[in-house]
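>>> build the 3D model from these lines:
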Amino acid sequence: MHLYRRVCYAQYLSILFAVDIDSKELCKKPIAESDLHKLIHAIEDLYYFEFVMDELPMRGFIGHLDESGFLPHSHQVFLYTHHHFTIEYNGNQVVSVNITTQEQTPVNLLELKPPVDIVFTYSVKWLQTSVKYEDRGKLQHRSSFFPKALEIHWLSVINSVVLVFLLMGFVVIILTRILNRDFRSFSIHDDEAERFEEDDEIGWKVIHTDVFRYPNNKLLLCAILGVGTQFLTLLGGILSMALCGVFNVHRHGAINAAAILLYALTSCISGYVSGRFYRQMEGQRWVWNINLTACLFTVPFFFTWSVINSVAWAWGSTQALPFTTIVILMLIWLCVGYPLTVIGGIFGKNWAGNFNAPCRTKNIAREIPPLPLYRSQFAYMLVGGFLPFSAISVELYYIFATLWGRQSYTLYGILMLVFIILLSVTACVSVALTYFQLSSEDHRWWWRSVISSGSTGLFVFAYALFYYFDRSNMSGTLQSLQFFGYTVLTCYVFFLMLGTVGFVASLKFVRYIYVYIKTD
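From the prediction side, this is the model:
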């Protein structure tokens, strides 16, 4: 006996159009003792089923609990064995479907002595309606199996939008006033020869000979930028397809299949961006750069997925992918993803222009003065990670409830809005932190902009821990392994994407402020 999560066709359920069925036997299921315990635990954990007929969902609980009395206490677990389908139609088109499970007396599982055979039956009632086929979506939205929280959702999102725009406006206004003051100060002193001496300079101008010094581990940095850009493109493509109505929420796995194909097809973007940056930073090991870019996400994903899939196989779970599917996925990456990464890297290397830094870099790096704790990398990670996380914290609940709970997420417009806000906040915060870092005469902004912005992934993981222990009833080795394994990968994707956004925004900002100053 299995508790399925995949979509399966009901082979023994025979329903003909406009033909009523009073009561018909569906099947006779032999229940062993182990199966009986699984059913009891599933009903106690409020498991439910989902049928899809003509792309219309029907949901119901597989059973119910009966708790009564204190002394003596009564605990009964019932299994619904009869399902009644009510189908409304207009002409030759199905308009509405509904299922009820209480037409007949359920079976008390605690009174059964396994092994035992349980008979499942069903009945069908067809009703003609005047509702048009085009309006059946309205009927579906009016009745929901799950509690509705759309109004609260909208209010929370609007509240987040207002706070985010206030934050962005605050950052832009403050930085604009500070930069204008700095530019006026520098333009006044540029007319005096003694102001050109380095010892008398203060602030971010004094490090103009070091600010464009290429960072350490530029091979890894360029690979992160390439893969981060790829995931930004991939997520933007999926959200755009969802807004266009490409995905049906009841066709499980459609988004996963689209993500796999888009990941393979957008591999050329990661190769191009990584190769272009690596060539501009005067890198020489471009073959290593391409291979690292191709494996930066694929290898961690394959390792995590292999462990989870192996455990699922060992437990006999339907979540384990069959061998043929594994071969197909490997061929997609080997025949499409990796070659496109190489091709993109070649074009990025050959089409990349010079870096063209606005300021000349000296051979010897300037000594960085001691920094207080509030200007340390840890402090920057707290600020750079928490503020973008606050912009998506409301939406995270609904996403987690969809992935690991019973919700069905269809508000893709809100998700796109939150995604744009997340990128905007990340860029603004990264620019502000980079300015404060340069003002403290610390020129090591390259890696810090990536780590500070990407640290949002750590806050997402902290929220995942809170959701697992406080908001869910998940337990068991396989379920916990799936949750934490895929959550870690998701947080890693957050790090790659937002780290790329923070770096690009900081690079544009640094170029902007240093191109307008006069230096010798």
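
>>> state the number of residues packed around residue 325.
Around residue 325 there are 11 other residues, counting by other C-beta atoms under 10 Å. Heads up, the C-betas are built off the backbone N, CA and C, glycines and all.

>>> mind listing residues that contact the helix or strand harbouring it?
Element membership of residue 325, judged by DSSP states H and E, is helix 323-332. Under the contact criterion C-beta atoms under 8 Å, 6 or more residues apart in numbering, helix 323-332 has outside partners 260, 261, 264, 309, 321.

>>> buried ones in that helix?
Counting neighbours by 16 or more other C-beta atoms under 10 Å, one finds that the buried residues in helix 323-332 are residue 332.

>>> please apply the same query to stretch 225-236.
Buried residues in stretch 225-236, counted by 16+ other C-beta under 10 Å: 225, 226, 227, 228, 229, 230, 231, 232, 233, 234, 235.

>>> chain center to it: distance?
Its chain's C-alpha centre and that of stretch 225-236 lie 12 Å apart, by C-alpha atoms, centre = their mean, to the nearest Å.

>>> got it, and stretch 273-288?
Relative to its chain's centre, stretch 273-288 lies at 29 Å (C-alpha atoms, centre = their mean).

>>> which residues does it contact?
Contacts of stretch 273-288 (C-beta under 8 Å, 6+ apart): 214, 218-219, 221-223, 225-227, 229-230, 289-290, 293, 344-349, 351-355.

>>> may I see the buried residues of that stretch?
273, 274, 275, 276, 277, 278, 279, 280, 281, 283, 286.

>>> got the end-to-end distance for it?
Counting by C-alpha to C-alpha, to the nearest Å, the length from the leading to the trailing residue of stretch 273-288 is 15 Å.

>>> show the model's pLDDT score for residue 308.
The per-residue pLDDT reported for residue 308 equals 91.

>>> how far away is it from residue 315?
Here residue 308 is placed at a distance of 11 Å from residue 315 (C-beta to C-beta, to the nearest Å).

>>> of the two, which one has the most company?
For residue 308 versus residue 315, the count of surrounding residues by other C-beta under 10 Å is larger for residue 308: 21 against 12.

>>> with adjacent residues omitted, what lies nearest to the more buried one?
Of all residues beyond its chain neighbours, the one nearest residue 308 is residue 485 (5.1 Å), with distances taken as C-beta to C-beta, 6 or more residues apart in numbering.

>>> now that neighbour: which helix or strand?
helix 477-514.

>>> separation between residue 222 and residue 234?
For residue 222, the distance to residue 234 equals 19 Å [C-beta to C-beta].

>>> for residue 382, same thing?
If you measure residue 382 against residue 234 using C-beta to C-beta, the figure is 28 Å.

>>> same check, this time on residue 304
Counting by C-beta to C-beta - residue 304 and residue 234 are separated by 18 Å.

>>> now do residue 348
Applying C-beta to C-beta, the value for residue 348 to residue 234 is 18 Å.

>>> the longest strand in this protein is where?
Residue-count comparison of every strand in the chain, with assignments taken from DSSP state E, identifies strand 116-128 as the longest.

>>> what is that strand packed up against?
For strand 116-128, the packing partners by 3 or more C-beta pairs under 8 Å, 6 or more residues apart in numbering; DSSP states H and E come out as strand 21-31, strand 82-90.

>>> partners of it, with directions?
strand 21-31 (antiparallel), strand 82-90 (parallel) (DSSP bridges).

>>> can you redo those strands as TSV with mean neighbour count?
Output for those, formatted as TSV (neighbours: other C-beta atoms under 10 Å):
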stretch	mean neighbour count
strand 21-31	13
strand 82-90	19
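
>>> least reliable of those strands going by mean pLDDT?
When the strands paired with strand 116-128 are compared on average pLDDT, strand 21-31 comes out lowest at a mean of 86.

>>> between the next helix or strand after that one and strand 21-31, how many degrees?
In the C-terminal direction, the helix or strand that comes right after strand 21-31 (DSSP H and E) is helix 33-44. Relative orientation of helix 33-44 with respect to strand 21-31: 120 degrees, computed using axes from the mean of the first three to the mean of the last three C-alpha atoms, to 10 degrees.

>>> now helix 33-44: how far from the chain's centre is it?
Averaged C-alpha coordinates place helix 33-44 at 33 Å from its chain's average position (C-alpha atoms, centre = their mean).

>>> just checking, what packs against that helix?
For helix 33-44, the helices and strands in contact under the criterion 3+ C-beta pairs under 8 Å, 6+ apart are strand 63-68, strand 74-79.

>>> could you redo the last one with a cut-off of 10 Å?
Using 3 or more C-beta pairs under 10 Å, 6 or more residues apart in numbering; DSSP states H and E as the contact criterion, the elements in contact with helix 33-44 are strand 21-31, strand 63-68, strand 74-79, strand 116-128.

>>> report how many residues lie close to residue 265.
Applying other C-beta under 10 Å, we find 17 other residues in the vicinity of residue 265.

>>> sorry, wrong one. I was asking about residue 312.
Counted with other C-beta under 10 Å, the burial measure for residue 312 works out to 17 neighbours.

>>> okay, the helix or strand containing residue 310 in CSV with CA atoms only?
Here residue 310 is covered by helix 298-315, with elements defined by DSSP H and E. What follows is the C-alpha trace of helix 298-315 in CSV, where atoms were taken according to Å, rounded to 0.1, in the frame of the first residue of the first chain:
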residue,chain,number,x,y,z
THR,A,298,24.9,20.9,-11.2
VAL,A,299,27.3,19.0,-8.9
PRO,A,300,25.7,20.1,-5.6
PHE,A,301,22.2,19.5,-7.0
PHE,A,302,23.1,16.0,-8.4
PHE,A,303,24.7,15.0,-5.1
THR,A,304,21.8,16.1,-3.0
TRP,A,305,19.2,14.6,-5.3
SER,A,306,21.1,11.3,-5.5
VAL,A,307,21.1,11.0,-1.7
ILE,A,308,17.3,11.8,-1.5
ASN,A,309,16.4,9.6,-4.4
SER,A,310,18.4,6.7,-3.0
VAL,A,311,16.7,6.9,0.3
ALA,A,312,13.3,7.1,-1.5
TRP,A,313,14.2,4.0,-3.4
ALA,A,314,15.1,2.2,-0.2
TRP,A,315,11.8,3.2,1.4
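
>>> between that helix and helix 323-332, how many degrees?
For helix 298-315 against helix 323-332, the angle between stretch directions is 180 degrees (the same axes, to 10 degrees).

>>> what residues sit buried inside helix 298-315?
Residues of helix 298-315 classed as buried under the neighbour-count rule (16+ other C-beta under 10 Å) are 298, 301, 304, 305, 308, 309, 311, 312.

>>> so what's the third one up against?
I take that to be residue 304. By C-beta atoms under 10 Å, 6 or more residues apart in numbering, the contact list for residue 304 reads 481, 482, 484, 485, 486, 488, 489, 492.

>>> now do it, the pLDDT please.
Each residue has a pLDDT score; the one for residue 304 is 93.

>>> so who does residue 259 touch?
Shown here is residue 259, whose contacts under the criterion C-beta under 10 Å, 6+ apart are 234, 235, 237, 238.

>>> which element is it on?
In this structure, residue 259 is located in helix 254-265 according to DSSP H and E.

>>> what is the rounded mean pLDDT of that helix?
90.

>>> how far away from the center of its chain is that helix?
Averaging C-alpha positions (C-alpha atoms, centre = their mean) puts helix 254-265 14 Å from its chain's average.

>>> go on, stretch 310-328?
Taking the mean C-alpha point of stretch 310-328 and that of its whole chain, the gap between them comes to 23 Å (C-alpha atoms, centre = their mean).

>>> now do residue 331 against residue 339, distance only.
Going from residue 331 to residue 339 by C-beta to C-beta gives 12 Å.

>>> quick one: contacts for residue 353?
Contacts were defined as C-beta under 10 Å, 6+ apart; by that measure residue 353 touches 276, 279, 280.

>>> all good on my end, thank you.
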